[in-house]
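Novice: Predicted structure and sequence below. I'll ask about it afterward.
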Amino acid sequence: MEGKSGKKRNTRIFAKHSRRNGFLNAAGLQAGDDWTMSSGGFRMDWIGSGRNSLTLQGDLHAGDIGQEGLPTLFQNVKIGLPDYRTHVKAANVIGRVKPRFSETADMDLRVSIDRMERRDDVMIGGEYSIARCRFAHHFEPGSIHEVVWGLGYRLTADRIQTDLMATMVPDHKRYDVLSAFIQDEMRLVPDRLRLTIGSKFEHNDFTGGEVQPNLRFLWTINDRHSVWGAVSRALRVPDRSDFGLRVDYNLDPIRFVLLGNPKLRSEEVLAWESGYRLHPAEKYLVQFERILQSIPAHHDLQHRRHPRPDRSDLDRASVFSDNRMSGTGSGLEASGDWEIRDGLRLHGSYVFSTCASNPTGTCRPRTTSFRRTWAWMQASSIHG
């Protein structure tokens, strides 16, 4: 349902309920994977003078999800996991204020609160509450520079529900992330050459301070030819499960413990990208892209055959993650678009990629590599 009050406020309210029947298993019986989901919410937008805007929205979700049991894990490894049901609930409220100071300057402030809950009798679940605040300021200090900078904060509180096999240590925790970013897009030659430099800065409770810089350029040679390139550093910060998850496998003949590692560092990727775009005619577009990646720190599995001295209750082999893997990757993509006629477009793409990893851990001590290629083509038609 949508409504309007004057010219400056829009209101929308929605509700949805879905129900899906379960599938049949190999024996022709109900697999127990039916599910239902209900959701509803609202959104209100105010647009004031000078194109200033305010948005307030909220959502509610509740569901009952059937999960098929797992009689065996591997061949001749019986675990007898029965069918079970998972109950989920979620709610969120989001507020956004976006004042516009001029044609070249504006601000964006967003605040949100999320609440999630998952309950079942078999798999790990729990309660999660997340509060976020994000501020961004965009302005142009001159004819060359276009700057965006901002700050962010996220606070998470959880209480993990344990099960027969998995536990989280500790079972409840509060942790936060403080972040900042800045980006400057410079028009070095109007309509021809652009250089973008920026970085994201973050401090979290797991690995401390992190920096993710990036540098990009775009050279528009003319209306038909353009070249671009980029160098960037990206991270995946470990989460709660990487640090504190423990899974006990006590299923003959498989007996080991999967442990979190509180000494993990972030996974890191250094990427170099370059590309060329050709627009030979109004209805044709061809694009090539080359990617090179270096992965100096990646998580790999380690194992110990003897009890760890800090775990007197552990009399089986333990498996845990560590930063013991590095690698490289490269790829080439070629794509094209052809507008056959008005409303009918053909798009195709071909990708070739290679990857090599160099683990030093005890689970996979040998270097591995692989190559992949894939191609696809799609036709779309739009009729007015």
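Specialist: Received the coordinates, thanks.

Novice: Tell me which residue is most central in the chain.
Specialist: residue 236 (9.8 Å; Cα atoms, centre = their mean).

Novice: Where do the strands of the stretch 51-200 of the chain begin and end?
Specialist: Assigned by DSSP state E, counting those that start in this stretch, the strands in the stretch 51-200 of the chain fall at 53-67, 70-74, 77-81, 84-98, 100-102, 105-119, 125-139, 145-161, 166-168, 172-189, 193-204.

Novice: need the contact list for the closest residue in space to residue 182 that isn't next to it in sequence.
Specialist: Using Cβ to Cβ, 6 or more residues apart in numbering and skipping the chain neighbours, the partner closest in space to residue 182 is residue 149 (4.2 Å). Any C-beta I mention is one placed from the backbone N, CA and C, and that applies to glycine too. If a contact means Cβ atoms under 8 Å, 6 or more residues apart in numbering, then residue 149 has 136-137, 180-183 as its contacts.

Novice: Of those residues, which count as buried by neighbour count?
Specialist: 136-137, 181, 183 (16 or more other Cβ atoms under 10 Å).

Novice: All the helices of the stretch 201-350 of the chain, residue numbers only.
Specialist: With helices called from DSSP state H, counting those that start in this stretch, the stretch 201-350 of the chain shows them at 240-244.

Novice: returning to what we had before: could the strands of the stretch 51-200 of the chain go into a markdown table alongside distance to residue 40?
Specialist: As requested, the strands of the stretch 51-200 of the chain are arranged in a markdown table below (distance: least, Cβ to Cβ, whole Å):
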| stretch | distance to residue 40 |
| --- | --- |
| strand 53-67 | 5 |
| strand 70-74 | 34 |
| strand 77-81 | 34 |
| strand 84-98 | 10 |
| strand 100-102 | 32 |
| strand 105-119 | 15 |
| strand 125-139 | 20 |
| strand 145-161 | 25 |
| strand 166-168 | 31 |
| strand 172-189 | 30 |
| strand 193-204 | 34 |
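
Novice: Redo these as TSV? Include mean pLDDT and distance to residue 28.
Specialist: Output for these, formatted as TSV (pLDDT from 0 to 100; distance: least, Cβ to Cβ, whole Å):
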stretch	mean pLDDT	distance to residue 28
strand 53-67	93	17
strand 70-74	55	16
strand 77-81	56	20
strand 84-98	93	21
strand 100-102	90	63
strand 105-119	95	31
strand 125-139	95	31
strand 145-161	95	34
strand 166-168	82	32
strand 172-189	96	44
strand 193-204	97	50
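
Novice: Contact partners for the residue nearest to the centre of the chain?
Specialist: 266-267.

Novice: picking up where we left off before, looking at the buried ones among the contacts of residue 149, which is nearest residue 244?
Specialist: Within these, the smallest distance to residue 244 is 28.8 Å, found for residue 181 (Cβ to Cβ).
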